[in-house]
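> when you get a sec, could you give me coordinates for this:
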Amino acid sequence: MYVSARSDYAVRAMLAMAHRHPDLVTAAVLAAGQDIPYSFLQGILLDLRRAGLLHSARGSDGGYALTRPPAEITVGDVLRATGGPLTTVRGAPAEVATYHGVAAGLGQVWLSVHRAIEGVVDRATLADLLAPVEGAAGDRRGVG
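Modelled structure (predicted):
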């Protein structure tokens with residue numbers, strides 16, 4: 001599994017929004033707080049909104065917020081929304097890789113890798129990743 005900058009930024013932005021849930025957070029605040037290039041973040045937020053993970057509100061009090069509680073959004077949801085399949089073989093989803101002859105068993109290895117990755121990212125929710133912050137002193141409402 002390759003984690004692109006886009007996927008990393010998406011998870012970080014979603015964690016920042018989970019940290020502030022249910023409040024709206026502007027793209028500018030997210031970009032500054034997570035050190036994400038603003039123009040790059042705009043496209044990421046659009047993908048997350050299209051995937052139904054975020055909603056947006058316009059206006060001076062506008063911004064973005066999670067559509068569901070942080071405990072109901074997994075890292076896998078975010079990765080799929082911004083990067084497509086979790087594992088690929090030669091650019092295609094691992095499920096469609098086929099082999100013949102002496103390499104026939106290789107497809108099962110790639111499927112096992114895919115399932116293992118799914119098991120990790122589909123179990124880890126945004127709330128799980130925020131848990132250490134919960135016990136920390138200070139205001140949880142900061143984005144940084």
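> so which residues of this structure form strands?
With DSSP state E as the criterion, the chain has strands at 54-57, 63-66, 88-89, 92-93.
> looking at the ones you listed, which is closest to residue 100?
Closest approach to residue 100 among the strands of the chain (CB to CB): strand 88-89, 14.5 Å. No exception for glycine: its C-beta is placed from N, CA and C like everyone else's.
> ok, now how distant is the residue nearest the centre of the chain from residue 96?
What sits nearest the mean C-alpha location of the chain, by CA atoms, centre = their mean, is residue 78, with 2.7 Å. Distance of residue 78 to residue 96, computed by CB to CB, to the nearest Å: 23 Å.
> and if you look at residue 33?
Per CB to CB, residue 33 is found 39 Å from residue 96.
> higher neighbour count, these two?
Between residue 33 and residue 96, residue 33 has the larger neighbour count (other CB atoms under 10 Å), namely 17 against 12.
> so, low pLDDT: which residues of this structure?
131-144 (pLDDT under 70).
> what residue in it is the furthest from its centre?
residue 101 (37.9 Å).
> how far does stretch 49-64 stretch from one end to the other?
Distance across stretch 49-64, first residue to last, is 9 Å (CA to CA, to the nearest Å).
> buried residues in it, which are they?
53-54, 63-64 (16 or more other CB atoms under 10 Å).
> give me the distance from that stretch to the chain's centre.
16 Å (CA atoms, centre = their mean, to the nearest Å).
> outside of that stretch itself, list whatever touches it.
With contact meaning CB atoms under 8 Å, 6 or more residues apart in numbering, stretch 49-64 is reached by 14, 17, 24-27, 29-30, 45, 48, 65-68, 73, 77-78, 80-81.
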